[in-house]
Structure formats: C-alpha cells, structure tokens
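S.K.: Structure for this input, please:
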Amino acid sequence: MAYKPIENYGIIGDMHTAALVGVDGSIDWFCYPHFDSPGIFAALLDDKKGGYFQIAPTREDVTKKQFYWPETNVLISRFMSADGVAEVIDFMTVHDPEHETDHPHQLVRSVKTVRGSVHFKMTCQPAFNFARDEHTVDAESNRVVFSTKNIRLALLSDIELNTQNGTAVAEFNLNEGETAVFLFQDMKSSRSEPERITAQLTQKLLNETIGYWQNWLSHCNYKGRWREMVYRSALTLKLLTFKPTGAIVAAPTTGLPEGIGGERNWDYRYAWIRDAAFTLYALMRIGFSEEAAAFMKWIEARCHELNPDGSLQIMYGIDGRHKLDEEILSHLAGYRGSRPVRIGNAAYNQLQLDIYGELLDTVYLYNKYGSPISYDLWTQITRLLDYVCKNWNQEDEGIWEIRSGRQRFTYSLLMCWVALDRGLRLASKRSFPANYDKWLKNRDMIYQTVMEKGWSKERKAFVQYIGSKTLDASNLMMPLVFFVSPTDPRMLQTLDAVNLSPNKGGLVSDSLVYRYNAAETRDGLRGQEGTFNICTFWLVEALTRAGRYDRHRLSQARFMFEKMLGYSNHLGLFSEEIGPCGEALGNFPQAFTHLALISSAFNLDRSLG
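M.R.: Have a look, this model is predicted:
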C-alpha cells in the first residue's frame with residue numbers, strides 16, 4: 001500500500017477511540033480500546049507493517065468519493081466504476097447513555113452495491129501494539145478471532161472469511177441491492193458469544209448511531225452563514241472527547257509530520273489544558289453545555305492534584321495520569337519516511353505559563369454561562385493564581401513547546417495577565433474570598449511589562465519574546481482576550497506587520513499564517529513546517545473585531561475565512577498545518593483548528609449581521 005495524503009481520510013469514533021478511513025476504503029489508523037492505547041491498524045505510520053483493514057472493489061479504474069450521513073459521524077465511501085456503484089458505510093456504534101454498558105464497542109462496516117454488480121476484496125491485517133506484538137488467529141467460517149497476550153478482537157461477518165498468515169481475507173460479489181457486513185469488536189467487552197450478524201441487527205446499530213449524533217447536534221444553537229462547516233467542526237470535537245472522563249484529545253493520531261521527511265512528529269493523543277480549554281469555549285458558544293460540565297469535572301480533578309508548588313502540568317493522559325514518557329518506535333518507517341515516530345510526549349514536563357490564562361478564562365465563562373463553580377474548586381484556583389503571581393516573570397517554553405531553551409514569551413505574559421484578570425472578575429462576581437491587592441498589583445505589572453518590553457518600536461508590532469524582533473502569531477490573541485482594544489494603534493500595527501508575506505517580514509502566505517518565522521526562531525528542531533491553521537483563524541478573528549469599526553478589515557476577514565475553508569478536505573476536516581502545495585500536515589483531525597473555526601464563524605457572522 002502506498003501512503004495516501006493526510007487529507008484523504010475521514011474519521012469515525014465512539015468517544016472512546018477513533019479510526020481514520022481512507023477514500024480507498026482502508027482503515028489505516030485505529031488505536032484500541034482508547035485514543036492513547038497501542039495501535040491495532042497503523043499503516044499511516046508504516047505502509048508495509050503498520051496494519052490495515054480495507055474493503056474495496058477489485059477493479060483499479062474506480063472513482064472514489066466520501067461523505068457523511070447528514071449531521072452524523074457515520075461515514076460513507078462510494079466507489080463508481082463500469083461495473084456499477086457501491087458504498088461502504090463505516091461507523092462505531094454509539095448508544096443512548098442509559099444503555100451504554102449493555103453494548104460492546106464495535107466498528108461496523110456495511111457494504112452494499114447500489115447499481116450493477118461489483119466484486120470486492122476485504123483484507124483485515126491487524127498489527128498489534130504498533131506492530132510489536134505477535135498474534136494468533138482462531139478462524140471459523142464467519143468469524144476470525146485475533147489474540148495477543150493482552151487483547152482478543154473478533155472480526156464477524158455474514159459472508160465466509162478465510163485466513164492467510166495472520167490476516168483475514170474475503171472476496172465476494174454483490175449484485176444490486178445486496179449487502180455484506182463486517183463487525184470488529186473486543187471479545188472481552190461482548191457477551192460470551194457475539195450476536196449473529198444479520199441485516200436487521202446492522203440496521204438497528206446504524207439507526208441508533210445516526211439517532212445519537214443527530215439528537216446531539218440538534219442542541220447546537222448556531223444558525224449562521226457557515227452552519228454546515230460549524231456542524232462538522234462540532235461533531236469532530238465531540239468525537240475527540242473521551243466520554244469516561246470528559247477529557248478532550250488534541251488529535252487522535254501520533255507521528256503525522258509537520259514537514260514531510262522531518263522530525264517534527266509528535267503524539268497528540270492526550271489532553272492539553274490549553275487545547276481543551278479552547279475547545280470548551282467553542283462548544284459553549286454554540287450551546288453544548290453538557291460537554292462543558294464534563295470537562296469541568298476533569299479540570300477540577302486535576303486542580304486537586306496540583307504540584308507541591310501549586311502548579312499544573314500542561315497536559316495529562318485522558319484518564320488523568322501525569323506521566324507521559326516519550327518513546328521512539330524505531331521499527332516504524334514513519335509517514336512517507338518522517339522519523340522518528342514518537343508515542344508519549346516529553347513536553348508534559350515543560351513549563352508553559354500561558355495555560356493558566358486559558359484555564360481561568362474557561363472557568364470564568366463556564367461560571368457565567370454554564371453552572372456556578374464550587375467553593376472547593378475556587379480554593380484550588382486561588383493556589384493557581386498565587387503561583388502565577390510568583391512565577392509570571394519566569395522564562396518558559398511557551399505555547400509552541402520549543403525545545404531550544406526558555407524565553408520570556410509575550411504570549412505567556414499575556415495569558416498570565418488573563419489568569420489574574422479573570423480570577424479578579426470571578427472573585428468579584430461570586431464574592432469569593434480573594435487576595436485582591438496581590439492579584440491586582442501583579443496583573444497591572446504584567447500589563448506594563450507587555451506594553452513596554454513586548455512591543456518593538458523597530459518592528460512596530462508586539463514580538464515573540466522580551467528583547468526579540470521576531471513576530472509571533474500567538475499575539476493575535478490580544479484583542480480576543482480583551483487585553484487591548486481591537487482598534488488600539490499598536491494592535492492595528494501588529495495586524496499589518498503580521499499580514500505581510502514572509503519575504504517582507506510578515507507571517508502570511510496568501511491568507512495562510514505561519515506561527516513564527518522558523519528561519520528567525522531557534523526552536524531546537526531541524527526542518528521547516530507549514531502554515532498553522534489555528535493562527536489563520538486567529539488572524540480572521542482579530543481582523544473581524546477591528547472590522548467592526550473598519551469595513552475594509554471586515555471584508556478582508558471574511559475573504560480570508562472563505563479561503564481558509566477551501567483548504568479543508570473533502571469532508572470539511574482540517575489537520576494542524578497546511579503545506580506549501582496546499583496539503584494537510586500534522587496530526588489529523590486537529591481540535592485546535594476546528595475550535596478556532598467555530599469561534600471565527602461565530603464572531604464573523606455576528607459582525608456581518
């Protein structure tokens with residue numbers, strides 16, 4: 001199998017884990033039983049030994065298309081050829097919460113010929129634990145059980161299955177109106193004997209799953225111009241939520257490169273405080289308060305596990321674990337030769353002071369629009385705020401997790417200001433006991449530091465860190481968090497400086513925004529990277545806010561937003577970055593990008609209205 005472009009995939013999932021399904025009908029990514037579990041299918045990271053599960057016509061001259069069942073995460077892959085038209089419907093079963101425990105977690109693949117007569121081949125070749133664990137096969141006519149010392153997974157079907165060298169295979173012909181079903185499930189989570197696969201059972205599972213997603217999406221209150229894209233982003237963010245704890249993963253994949261052949265390959269299958277806080281903010285804006293409540297429980301649990309100095313980690317496992325040791329899978333080739341392939345993430349030990357601002361902003365908004373926070377949570381928040389007062393002036397690794405040494409990043413200072421500002425507002429709103437004098441004094445000191453030292457008279461812009469002359473797209477957040485007015489002359493000058501092309505000193509290439517100039521910034525890594533999708537949406541939103549007083553900037557924001565939507569894949573999904581030829585780069589799909597799309601669409605729509 002050759003590597004497919006990253007954008008040639010759709011995602012399905014059940015809020016425990018997720019699978020990526022290629023336009024060619026191949027599942028090339030699936031970790032089980034959870035997002036951060038070892039891989040079962042990982043052809044994305046090694047097309048020869050990573051493992052895959054493909055169902056597709058045997059003809060080579062086939063036109064392939066994909067789309068989602070309306071307002072769901074049920075994916076349909078369509079194959080059109082001279083023989084006829086066929087469809088594969090892929091989904092992971094999701095049930096009504098009251099009956100969740102009665103059902104195993106299942107991956108269902110339903111194949112149907114809708115016109116003519118189509119010949120198919122099915123290949124299910126698992127490679128357990130990222131191709132590190134051997135497995136045995138126990139085969140019957142309609143069932144194949146794959147077993148390792150740790151896990152047993154069954155492939156069930158209503159057609160005859162064969163095995164070859166640890167792989168399940170089948171070839172079959174379907175005439176118009178005929179179907180075949182393949183069901184992949186954990187033997188431990190199911191009843192002692194799996195249900196017999198029937199058309200009625202498959203239809204029941206499909207109906208329940210469609211009903212779940214459509215019912216969930218019906219609570220969305222966004223009715224603006226870009227409803228379809230906002231809906232897809234909301235559904236994607238919901239898929240990236242780990243249901244048992246409420247944690248939200250940054251992305252369901254690891255190792256997808258920020259530059260093809262480079263070393264910027266990270267494991268994103270964890271819950272970053274920053275990403276999750278932004279995600280919560282986006283979901284709350286469009287009416288999803290249940291997810292906000294679940295995430296706040298997760299956050300409150302982390303706040304009761306503070307480090308001895310009163311600090312939080314920047315990220316945690318989706319189950320709340322603290323250690324995320326980084327490991328290199330040297331036996332895997334990497335996506336199109338992009339190595340090393342990493343699992344775990346050593347950045348969990350980094351100091352990133354900005355996380356307190358994102359967290360406190362979210363807590364403040366949840367208290368305002370969701371549910372009042374508890375006194376117990378407030379007592380932990382006061383510890384966090386005291387920590388910020390003591391440490392805001394420290395150097396840190398910053399939002400971009402550089403590996404070349406610490407700096408006093410302007411964005412980190414900005415977010416420390418946000419933490420203290422929201423803490424003061426929250427204390428006032430709820431009449432909580434608070435150290436007002438201390439918090440207020442430090443908040444104002446941070447403000448002065450940013451204005452005096454984070455501003456470059458030479459560049460006429462806010463810069464990356466104190467003493468730097470380098471631009472950084474993260475400073476576009478300043479008007480978004482109400483640090484400065486969107487029409488403050490310094491902010492407008494920063495917008496103009498960023499909005500130049502890189503060869504003129506800016507960060508924008510045809511509306512797409514780099515997070516910083518990699519040639520000017522020592523980040524401790526070799527190679528180049530693409531434009532950063534969230535930064536493009538930040539620029540859209542900063543222009544939108546300035547555009548309330550300047551129609552030209554608003555028009556510019558709208559055009560930039562529309563152009564950005566054109567870089568999504570065929571299903572409306574975004575990765576982390578966009579490469580020089582418009583290709584998707586980085587882990588996929590990316591929560592950061594989709595939450596920023598929702599926020600930009602919401603504000604742009606309101607301003608245009």
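S.K.: Output the below-cut-off pLDDT ranges for the stretch 101-250 of the chain.
M.R.: Scanning the stretch 101-250 of the chain for pLDDT under 70 picks out the ranges 101-104, 189-195.
S.K.: Would you state the strands of it in chain order?
M.R.: Along the stretch 101-250 of the chain, counting by DSSP state E, counting those that start in this stretch, strands occupy 106-125, 136-139, 143-147, 152-157, 162-164, 167-175, 179-186, 241-242, 247-248.
S.K.: And the fourth one, what does it pack against?
M.R.: So that's strand 152-157. Counting contacts by 3 or more C-beta pairs under 8 Å, 6 or more residues apart in numbering; DSSP states H and E, strand 152-157 is packed against strand 143-147, strand 179-186. Where C-beta positions appear, they are placed from N, C-alpha and C, glycine not excepted.
S.K.: hang on, the earlier thing: if you compare the strands of the stretch 101-250 of the chain, which one is most tucked away?
M.R.: Stretch with highest mean neighbour count among the strands of the stretch 101-250 of the chain: strand 247-248 (a mean of 26; mean count of other C-beta atoms under 10 Å).
S.K.: Kindly reformat the helices and strands packed on strand 152-157 as a markdown table containing distance to Asn345.
M.R.: Shown next, in a markdown table, are these (distance: least, C-beta to C-beta, whole Å):
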| stretch | distance to Asn345 |
| --- | --- |
| strand 143-147 | 29 |
| strand 179-186 | 26 |
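S.K.: So which of the ones you listed is nearest His34?
M.R.: Proximity to His34 (C-beta to C-beta) singles out strand 179-186 among the helices and strands packed on strand 152-157, at 11.6 Å.
S.K.: Give me the domain ranges for this structure.
M.R.: Split into domains by automatic domain parsing, the chain comes to 6-217, 227-608.
S.K.: downstream neighbour of the longest helix seen in the chain in the secondary structure list?
M.R.: Counting by DSSP state H, the longest helix found in the chain is helix 410-430. As assigned by DSSP states H and E, the chain's next helix or strand after helix 410-430 is helix 436-453.
S.K.: next one: the helix or strand following that next one to chain centre, how far?
M.R.: On the C-terminal side of helix 436-453, the nearest following helix or strand under DSSP H and E is strand 455-456. Mean C-alpha position of strand 455-456 versus that of the full chain (C-alpha atoms, centre = their mean, to the nearest Å) differs by 33 Å.
S.K.: Within its sheet, name the partner strands of strand 455-456 and how each one runs.
M.R.: strand 461-462 (antiparallel) (DSSP bridges).
S.K.: any idea of the mean pLDDT for the partner strand?
M.R.: In this model, strand 461-462 has a mean pLDDT of 98.
S.K.: Identify all contacting residues around that strand.
M.R.: 410, 450, 454-456, 471-472, 475, 478, 490, 493-494, 497-498 (C-beta atoms under 8 Å, 6 or more residues apart in numbering).
S.K.: Go again with 10 Å.
M.R.: 410-411, 414, 450-451, 454-456, 468-472, 474-476, 478, 483-484, 490-491, 493-498, 505-506 (C-beta atoms under 10 Å, 6 or more residues apart in numbering).
S.K.: how much distance is there from that strand to the middle of the chain?
M.R.: 29 Å.
S.K.: Over to stretch 544-554?
M.R.: Using C-alpha atoms, centre = their mean, the offset of stretch 544-554 from its chain centre is 29 Å.
S.K.: ok, Glu358 - how many residues close by?
M.R.: Neighbourhood size, Glu358 [other C-beta atoms under 10 Å]: 25.
S.K.: nope, Leu351 is what I was after
M.R.: The number of residues packed near Leu351 is 16, by other C-beta under 10 Å.
S.K.: In three-state terms, label it for me.
M.R.: Put simply, Leu351 is coil when judged by DSSP: H, G, I helix; E, B strand; the rest coil.
S.K.: that older thread, I'd like the strands of the stretch 101-250 of the chain written out as a markdown table, with distance to Leu604 added.
M.R.: What follows is these, written out as a markdown table (distance: least, C-beta to C-beta, whole Å):
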| stretch | distance to Leu604 |
| --- | --- |
| strand 106-125 | 37 |
| strand 136-139 | 54 |
| strand 143-147 | 48 |
| strand 152-157 | 45 |
| strand 162-164 | 54 |
| strand 167-175 | 46 |
| strand 179-186 | 41 |
| strand 241-242 | 25 |
| strand 247-248 | 24 |
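S.K.: Of those, which is nearest Phe35?
M.R.: That would be strand 241-242 among the strands of the stretch 101-250 of the chain, by C-beta to C-beta, at 6.4 Å.
S.K.: quick one: contacts of that closest one?
M.R.: By C-beta under 10 Å, 6+ apart, strand 241-242 touches 13, 15-17, 34-36, 247-249, 269, 271, 276, 279-280, 283, 288, 291, 294-295, 298, 317-319, 591.
S.K.: Sketch out the helices for the chain, chain order is fine.
M.R.: Using DSSP H, the helices of the chain run over 128-131, 199-217, 227-239, 273-285, 289-303, 355-365, 375-391, 410-430, 436-453, 489-498, 533-547, 551-565, 591-608.
S.K.: Looking at these, which one is packed in the most?
M.R.: Mean neighbour counts for the helices of the chain (mean count of other C-beta under 10 Å) peak at helix 533-547, with a mean of 26.
S.K.: now for that helix, which elements pack on it?
M.R.: If you count contacts as 3 or more C-beta pairs under 10 Å, 6 or more residues apart in numbering; DSSP states H and E, helix 533-547 packs onto helix 489-498, strand 508-509, strand 512-513, helix 551-565, strand 577-578, helix 591-608.
S.K.: okay if I get these as a markdown table plus mean pLDDT and distance to Leu571?
M.R.: Formatted as a markdown table, the helices and strands packed on helix 533-547 follow (pLDDT from 0 to 100; distance: least, C-beta to C-beta, whole Å):
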| stretch | mean pLDDT | distance to Leu571 |
| --- | --- | --- |
| helix 489-498 | 98 | 30 |
| strand 508-509 | 96 | 25 |
| strand 512-513 | 98 | 20 |
| helix 551-565 | 97 | 13 |
| strand 577-578 | 96 | 16 |
| helix 591-608 | 96 | 12 |
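S.K.: As a markdown table, these with distance to Asp138 would be great.
M.R.: Below are the helices and strands packed on helix 533-547 laid out as a markdown table (distance: least, C-beta to C-beta, whole Å):
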| stretch | distance to Asp138 |
| --- | --- |
| helix 489-498 | 59 |
| strand 508-509 | 54 |
| strand 512-513 | 51 |
| helix 551-565 | 48 |
| strand 577-578 | 43 |
| helix 591-608 | 38 |
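S.K.: wait, which of those is closest to Phe184?
M.R.: helix 591-608 (25.4 Å).
S.K.: okay, the angle between that closest one and helix 227-239?
M.R.: Here the directions of helix 591-608 and helix 227-239 differ by 150 degrees (axes from the mean of the first three to the mean of the last three C-alpha atoms, to 10 degrees).
S.K.: and helix 591-608, how far out from the chain's middle?
M.R.: On C-alpha atoms, centre = their mean, the centre of helix 591-608 falls 16 Å from that of its chain.
S.K.: ok, Gly166 touching Ala131?
M.R.: No - using C-beta atoms under 10 Å, Gly166 makes no contact with Ala131, being 11.6 Å away.
S.K.: Residues that sit against both of those two, list them.
M.R.: Joint contacts of Gly166 and Ala131 (C-beta under 10 Å, 6+ apart) do not exist.
S.K.: what's the distance between the nearest residue to Lys238 once chain neighbours are set aside and Ala82?
M.R.: Spatial nearest neighbour of Lys238, excluding adjacent residues (C-beta to C-beta, 6 or more residues apart in numbering): Trp216 at 6.6 Å. Computed as C-beta to C-beta, to the nearest Å, the Trp216 to Ala82 distance reads 40 Å.
S.K.: cool, Leu476 as well?
M.R.: According to C-beta to C-beta, Leu476 stands 51 Å off from Ala82.
S.K.: Between these two, which is the more surrounded one?
M.R.: Leu476 (27 against 8).
S.K.: My guess is that one contacts Leu507. True?
M.R.: Yes - between Leu476 and Leu507 there is a contact under C-beta under 10 Å: 9.5 Å.
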